[in-house]
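Enquirer: test case, fold it:
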Amino acid sequence: MFQPLTALEAIRIAVADPGDTRQAFRIADALSFNTPQRMRRRFRKDDTGGRLLARRDDVLSVLVDRARLEAMPEGSLGRAYLRFLDSEGITAAGLVEASKAGAREGADEHAEVKYVRDRMRDTHDLWHTVTGYRGDLLGEAALLAFTFAQTGHPGIGFLAGVGAALADIPGTRRFIAQGFARGRRARWLPATDWVALLPRPLDEVRRELGIDVVPVYEPVYPPRAAHMAA
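Expert: Take a look at the predicted model:
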């Protein structure tokens, strides 16, 4: 899928309001080309990915079950994920709503392709949790670079590049580039069985996934969006 006019319009809105998450979904969707189909093929070649496609387990239903996550051991990925959501003031369901508002709904999309697309969306904040990137502008840009290294998604790569190009804080471009390098070194995260990993210690999960040193940095958040100020 390639819709440059849609991408340009979304870029214009995002520049005016960096906190409008919907535009990131619009841009990524408009510049996705054949990435979802290509990722589906890789899922099918991966042992865990093949099992996930066969089961099509609903990871979102687990991620929105706060009681289930709170019952997991202290220090687990599940508890760390909850802390990330709480610290950013977000929810797993909120990300779904933003994506539906910003991305195309393909009625004719293959069921496995849709599953892969939805799974990438639903696990985005798990990627934040295991990589150590916050939900601020720098953390999002670095995670986009990490994700581009993992998926080769042109839209994601474009968003990471825009983040680097617009960076005016010393060291930001290097920080984003390090995100890409971390993504290249890590195991392929899209086909990870996250539900099985949630109860396990976060440090152990990071080692298993090949996630190296968690970055320490000062988060930079955008000004409160104009449409949220009223």
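Enquirer: got the contact list for Leu159?
Expert: 24, 27-28, 141, 144 (Cβ atoms under 8 Å, 6 or more residues apart in numbering). Glycine gets a C-beta too; all of them are placed from N, C-alpha and C.
Enquirer: could you rerun that using 7 Å?
Expert: Listed by Cβ atoms under 7 Å, 6 or more residues apart in numbering, the contact partners of Leu159 are 24, 27-28, 144.
Enquirer: what about it, which helix or strand?
Expert: helix 154-165 (DSSP states H and E).
Enquirer: contact partners of the next helix or strand after that helix?
Expert: The helix or strand immediately downstream of helix 154-165 is helix 172-185, counting by DSSP H and E. Residues outside helix 172-185 that contact it (Cβ under 7 Å, 6+ apart): 131, 138, 141-143, 145-150, 160, 163-164, 167, 210, 212, 217.
Enquirer: give me the buried entries from those residues.
Expert: For these, a neighbour count by 16 or more other Cβ atoms under 10 Å gives the buried set as 131, 138, 141-143, 145-150, 160, 163-164, 167, 217.
Enquirer: so for these, which is the shakiest by pLDDT?
Expert: For the buried ones among the contacts of helix 172-185, the weakest pLDDT value sits at Ala167, with 77.
Enquirer: phi first, then psi, for it.
Expert: phi -70, psi 130 (degrees, to the nearest 10).
Enquirer: one more: Ser76?
Expert: Phi and psi for Ser76, reported as degrees, to the nearest 10, are phi -80, psi 160.
Enquirer: cool, and Ala191?
Expert: phi -90, psi 20.
Enquirer: picking up where we left off before, which among the contacts of Leu159 end up buried?
Expert: Taking 16+ other Cβ under 10 Å as the criterion, what is buried in these is 24, 27-28, 144.
Enquirer: taking those together, which two end up most distant?
Expert: Between any two of the buried ones among the contacts of Leu159, the greatest separation by Cβ to Cβ is 10.6 Å, found for Ile27 and Leu144.
Enquirer: buried residues of stretch 170-185, list them for me.
Expert: By neighbour count with 16+ other Cβ under 10 Å, stretch 170-185 contains the buried residues 172, 175-176, 178-180, 182-183.
Enquirer: got CSV for these, with pLDDT and distance to Thr6 too?
Expert: What follows is the buried residues of stretch 170-185, written out as CSV (pLDDT from 0 to 100; distance: Cβ to Cβ, whole Å):
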residue, pLDDT, distance to Thr6
Thr172, 93, 27
Phe175, 96, 29
Ile176, 96, 25
Gln178, 97, 31
Gly179, 97, 26
Phe180, 97, 25
Arg182, 98, 30
Gly183, 98, 26
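Enquirer: which among those residues gets closest to Val195?
Expert: Nearest member of the buried residues of stretch 170-185 to Val195, counting by Cβ to Cβ, is Gly183, at 22.3 Å.
Enquirer: state the distance from that closest one to Arg38.
Expert: 16 Å (Cβ to Cβ, to the nearest Å).
Enquirer: same check, this time on Arg184
Expert: Using Cβ to Cβ, one gets 17 Å for the distance from Arg184 to Arg38.
Enquirer: follow-up on the earlier one: between the contacts of Leu159, which sits nearest Pro222?
Expert: So of the contacts of Leu159, ranked by how close each gets to Pro222 (Cβ to Cβ), first place is Ala24, at 12.2 Å.
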